[in-house]
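1. Curious how this folds, go ahead:
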Amino acid sequence: MERATLRDVARLAGVSVATASKALNGQPQVRASTRARVEQAASQLNFSPNTLARGLITQRTGTVGLLTSDLEGRFSIPILMGAEDAFGTDRTSVFLCDARGDTIRERHHLSALLSRRVDGLIVVGARPDSRPSLGRDLPVPVIYAYAPSDDPRDLSLVSDNEGGGRLAVDHLIRCGRRRIAHITGDASYGAAQDRARGAQQRLAEEGLEPAGGEVWFGMWSESWGRGATRMLLERCPDVDAVFAGSDEIARGVLDVLHEQRRDVPGDVALVGYDNWNILVANARPPLTTVDMNLEQLGRVAAQRLFAAIGGTLGSGIEKFPGKLITRESTAPLR
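-> Down below sits the predicted model:
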């Protein structure tokens, strides 16, 4: 079978070739009913427009670049999935590049993407701390996701970690817990500091101090969760809840609570962070945790990029709230 042409689409829709072209390229001069008729004809004929020719009309290529520093990362993948979902609904093709945290490699990928005339870029960081801006002289708009740009003139979309810390502790307080500890990861991470700040603010509102008298900063690992929990129980044996800064840490906390024959959630309630399904769903009991809504963040990043391509580019940092996923590791005190 010969490939359908624009002339075939126009003939089937009963319009001129020029009108068919305008309808398929989103030009505003076409009535909605006519556009719908042309699109139906194109679908019926399985017509695939010439991308290069369409780009000459619209000054767009229908492609975007997704530049990440951690393609194998636990947090970048959901963002990329959400963004690709949004791009797919608009039939936008995506070039995905992994810089692996290497500045030289990132510059190489950036040059390659620009040489392919992408319409815009989404940059996804490997960790939630600020990263260097790609600069203000690029020929296409750029949106930063997860890791904000260090230039406040750029638009960055990030998770509200402080709000997530408040959310976790508020849930524990509502469960009747009063001796709440916070065991978290590397203090050099802005996310760890933000979650701790939110947790402490919520405790202070109830006139409470963190159980053990401090926030337990350490590593993002199960082994740190185990070690910190042993120290916590020695210092504060009557602790009745733990907010862990990650699900990995929470699994370590859970191990020691089981070793010490502390019932979860009867004696000690436990909340994690990240909603890493392989960890939280297979824990015993399954873990209550804070989900950062990263897929939604990715979808919104794509929407913001569409708007920027159309001429509306914001600036500053937009924070997206997490949501509490309640499972069996938390319950009101009996």
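2. ranges for the helices of the stretch 51-200 of the chain?
-> Counting by DSSP state H, counting those that start in this stretch, the stretch 51-200 of the chain has helices at residues 51-58, 76-89, 103-115, 161-174, 190-205.
3. weakest of those helices by average pLDDT?
-> The minimum mean pLDDT among the helices of the stretch 51-200 of the chain belongs to helix 51-58 (a mean of 46).
4. Just name the shakiest helix or strand of the chain by mean pLDDT.
-> Taking mean pLDDT, DSSP states H and E as the measure, the chain has helix 51-58 as its least confident helix or strand, at a mean of 46.
5. Now do the same contact list for the residue most central in space within the chain.
-> By Cα atoms, centre = their mean, the chain has its centre lying nearest to residue 294, at 2.5 Å. Under the criterion of Cβ atoms under 8 Å, 6 or more residues apart in numbering, the neighbours of residue 294 are 75, 78-79, 82, 146, 159. Heads up, the C-betas are built off the backbone N, CA and C, glycines and all.
6. Could you pull out the strands in the stretch 151-300 of the chain for me?
-> In the stretch 151-300 of the chain, the segments counted as strands under DSSP state E, counting those that start in this stretch are 155-159, 180-183, 241-244, 269-273, 288-291.
7. Just put the ones you listed in CSV and tack on distance to residue 258 and mean pLDDT.
-> Formatted as CSV, the strands of the stretch 151-300 of the chain follow (distance: least, Cβ to Cβ, whole Å; pLDDT from 0 to 100):
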stretch, distance to residue 258, mean pLDDT
strand 155-159, 30, 94
strand 180-183, 16, 97
strand 241-244, 13, 97
strand 269-273, 11, 97
strand 288-291, 17, 96
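8. Next, format those strands as TSV and append distance to residue 88.
-> Formatted as TSV, these follow (distance: least, Cβ to Cβ, whole Å):
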stretch	distance to residue 88
strand 155-159	19
strand 180-183	40
strand 241-244	35
strand 269-273	29
strand 288-291	23
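9. Looking at the ones you listed, spot the one closest to residue 173.
-> Of all the strands of the stretch 151-300 of the chain, it is strand 180-183 that lies closest to residue 173, at 7.4 Å by Cβ to Cβ.
10. Out of the strands of the stretch 151-300 of the chain, indicate the one that is most buried.
-> strand 241-244 (a mean of 31; mean count of other Cβ atoms under 10 Å).
11. now for it, which elements pack on it?
-> Applying 3 or more Cβ pairs under 8 Å, 6 or more residues apart in numbering; DSSP states H and E, one finds that strand 241-244 contacts helix 161-174, strand 180-183, helix 222-235, helix 247-259, strand 269-273.
12. Most tightly packed of those?
-> Comparing the helices and strands packed on strand 241-244 by mean neighbour count (mean count of other Cβ under 10 Å), strand 269-273 ranks first with a mean of 29.
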